[in-house]
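In: Next input, structure requested:
(2 chains)
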Amino acid sequence: MDVTVKLHEVSKRHGSVIALDHVSLEIMGGEFFSILGPSGSGKSTLLRIIAGLDAPDEGVIAIQGRAVNTWPPDKRPVNLVFQHYALFPHLSVFDNIAFGLRMRGEPTRHIQDAVGRMMELVRLEGKEGRYPAELSGGEQQRVALARALVNRPVVVLLDEPLAALDQQLRQEMHGELKRLQQEVGSTFICVTHQQDEALMLSDRLAVMSEGKVLQVGTPREIYQSPASTTVATFIGLSNAVGGIFMGEEEKFCWVKHDGLPPLKALTPFPLPASSFVTLMIRPERLTLTVQPNGSPFDNTVSGELVNMGFNGSEVHYHVRLPTGALWTVRVPVAGEPTPRPAVGQQVYMQWFARDGLILST
Amino acid sequence: MASVLFWGACFAVPLLVMLGVSFLSRGTYGGIEWIWTGDNYRRLADPLVLGIFLRSLAFALGTTLLCGVLGFPLAYCIARSPRHWQHVLLILVMIPFWTNFLVRTYAWVLIFRADGIVNGLVQLLGQTQEPLRLLFTDFAVFVGLVYGYLPFMILPLVVAIDRIPVQIEEAARDLFASRPATFRYVVLPLSQPGWVAGSMLVFIPSLGAFITPYLLGGGQRMMIGTLIQQEFLVARDWPFGAALSFGLMSLILFLWVGMGRKAREQAVL
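Out: As a prediction, this is how the structure comes out:
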């Protein structure tokens, strides 16, 4: 696979705010690449710079090996799906989708065919005469997608493509986006702040915060070995405890924190004794009980159950540790502890050493 | 109810009085004689009068067009500037309204006069010996009209362009539209309410304008407004002046209805 989009040391300031801080990325042809980050992390600016709607202060943007810094947006082989779609309100669905092809001066016959096929692909048959205001949110989303994809761009840029849709529609669109990408074969670069979306859709993703790229990798790599606590927190690993690294024995090590028993974990990389580290445990790897039994688990921490929630398939517990930290435990309904804990009760969370992850702080 | 009475008293009654006058005869020494006649309307078909109507139409159309061409870039810049600048720029556009229109038109007389500012500059540069004849020309009338009515084009345009989300223009640029194409296919159709309103606000008063053609055109380069004013105040032929006024009104009404129908047709397309 070739590098389709290459960003080299790209920086951008908006007044005194640094939107992008020396960002370098290489995105491969045909890849579904996500940029995950909280709002204000600079990820939308990155898309706008690739599209040519913003100019970087420094750095080089190359598409298919050619530097495009000075190319205006209409000359770039790139199409953007805007967050709020930005459909042309005065044009019908057909004319919206045909806009790009018409601007490129494609012959009318070809436009008819291409738009027709694209309307089928995004399941909008029969709506060609409608105006954007007459469409539902989901349909507008499809028009926005079709309007970009019909041009067969080298790169499709998606700015929070599913943010404005309700939960159920979003689930449907996950599959839809993947399917569309495979049909069109373009490189997709998708900006999102939803970690489940990024993990589920992407071949690879970049985690961004405060204008910097923190980590790039496959969803598995990032979920299993986040490079920092920020990355870990952002992809949903919320249970953390800071402590002192107490040295290793065989492959395992111990972490000590005031108010908690020494905790056993896998040693990730050589660390000097007494250095500060963070131990993180995935919410779904914790077991919750009311009575700790002499179980096979390596670690046990107790706390007060603050509240619990039920989403149909899982029960979520929030537990306040003696250290003041709030941990989340996710248990499938089938694995609910017996007896059931009550809010305010003392509960115990247990896990295996191999499910703890040590990050240097 | 009170507003209907007020409107009736202040608008409808004078109009009806003038409608009545337009069917009466002119007295020998001015004034009105109570003899009913349709002659005043027949005189509208006089080639001289028709010529003035056509001249006025041409001037009004030209003024509207030029106001549009000049007003669009300006309105676009104002609408797309940051909020605090927008207020400053709008106030700058409206500052001329703080001075009387007559005074502002006299200022143009000073600029265009044989010993005025323009000629002073031209002679300073040594281009001509003879001063350019600027005042009392069609050119002067045209400049005066455009100057006077430009703000009426700019203000509704600013409002209309301000309502077009920037992202829609960006989407056009992203979809391979050049800047001119983005203007033609996105900004122009989406700002239609602005330029339709602006065109009416410029076209109608410039069709009936009389101060500008009188002061800058010198009375010989007549427009329908100056003719009406002269009939009332100089020739003291009230009935004919009234007939001219109603002729102008029906012309405007006719064009208004036509434009409205055209706009609706476009909206359907």
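In: quick one: contacts for the one residue sitting closest to the centre of chain A?
Out: Taking CA atoms, centre = their mean as the criterion, A:Ala198 is the residue nearest the geometric centre of chain A, at 3.1 Å. The contact partners of A:Ala198, taken as CB atoms under 8 Å, 6 or more residues apart in numbering or on different chains, are A:Ser34, A:Leu36, A:Cys190, A:Thr192, A:Leu205, A:Pro219, A:Ile235. Every residue, glycine included, has its C-beta placed from N, CA and C.
In: Equivalent analysis for B:Phe59, please.
Out: B:Asp138, B:Val141, B:Phe142, B:Leu145, B:Ser206, B:Leu207, B:Pro213, B:Met223.
In: That one belongs to a helix?
Out: Yes: the assignment for B:Phe59, made by DSSP: H, G, I helix; E, B strand; the rest coil, places it in a helix.
In: From B:Ala75, how far out is it?
Out: Taking CB to CB, to the nearest Å as the measure, B:Phe59 and B:Ala75 are separated by 23 Å.
In: what about A:Ile27, which SS state?
Out: Classified using three-state DSSP, A:Ile27 is strand.
In: Nearest spatial neighbour of it, chain-adjacent residues omitted?
Out: Ranked by CB to CB, 6 or more residues apart in numbering or on different chains and with sequence neighbours excluded, the top spatial neighbour of A:Ile27 is A:Val5, at 4.3 Å.
In: was I right about that neighbour contacting A:Phe188?
Out: No: assessed by CB atoms under 8 Å, A:Val5 is found out of contact with A:Phe188, at 10.9 Å.
In: Get me the contact residues on chain B for chain A.
Out: B:165, B:167-168, B:170-178, B:181, B:185-186, B:189-190 (CB under 8 Å from any CB of the partner chain).
In: Give me the residues contacting stretch A:105-124.
Out: Here stretch A:105-124 has contacts from A:93-94, A:97-98, A:101-102, A:125, A:127-128, A:139, A:142-143, A:145-146, A:149-150, A:176, A:180, A:183, using CB under 8 Å, 6+ apart.
In: let me fix that: stretch B:39-56
Out: Counting by CB under 8 Å, 6+ apart, B:22-23, B:25, B:207-208, B:222-225, B:227, B:239-240, B:242-244, B:247-248, B:251 sit against stretch B:39-56.
In: Please apply the same query to stretch B:151-162.
Out: Contacts of stretch B:151-162 (CB under 8 Å, 6+ apart): B:64, B:67-68, B:70-72, B:74-76, B:78-80, B:86, B:90, B:93-94, B:96-97, B:187, B:190-195, B:197-199, B:201-202, B:205.
In: next one: it to chain centre, how far?
Out: Put simply, stretch B:151-162 sits 16 Å off its chain's centre (CA atoms, centre = their mean, to the nearest Å).
In: In chain A, where's the longest helix?
Out: helix A:167-184 (DSSP state H).
In: helices or strands up against that one?
Out: On a contact count with 3 or more CB pairs under 8 Å, 6 or more residues apart in numbering or on different chains; DSSP states H and E, helix A:167-184 meets helix A:137-149, strand A:155-159, strand A:187-192, helix A:195-201.
In: which residues of the stretch 51-200 of chain A score low on pLDDT?
Out: By pLDDT under 70, the stretch 51-200 of chain A has no low-scoring segment.
In: who are the neighbours in contact with B:Asp174?
Out: Neighbours of B:Asp174 in contact, by CB under 8 Å, 6+ apart: A:Ala51, A:Gly52, A:Leu53, A:Pro73, A:Asp74, A:Val78, A:Asn79, A:Leu80.
In: Just give the number of residues close to the nearest residue to the third one once chain neighbours are set aside.
Out: The shortest distance from A:Leu53 to any residue that is not its chain neighbour, by CB to CB, 6+ apart, is 5.2 Å, and that residue is B:Glu170. The number of residues packed around B:Glu170, counting by other CB atoms under 10 Å in any protein chain shown, is 20.
In: Next, give phi and psi for residue 164.
Out: In the absence of a named chain, this looks at chain A. phi -90, psi 0 (degrees, to the nearest 10).
In: how near is it to chain B?
Out: 13 Å (CB to the nearest CB, to the nearest Å).
In: For that residue, which residues are in contact?
Out: A:Gln83, A:His84, A:Tyr85, A:Gly137, A:Gln141.
In: cool, and B:Gly68?
Out: Here B:Gly68 is in contact with B:Met153, B:Trp195, B:Gly198, B:Ser199 (CB under 8 Å, 6+ apart).
In: That one sits in which helix or strand?
Out: helix B:47-79 (DSSP states H and E).
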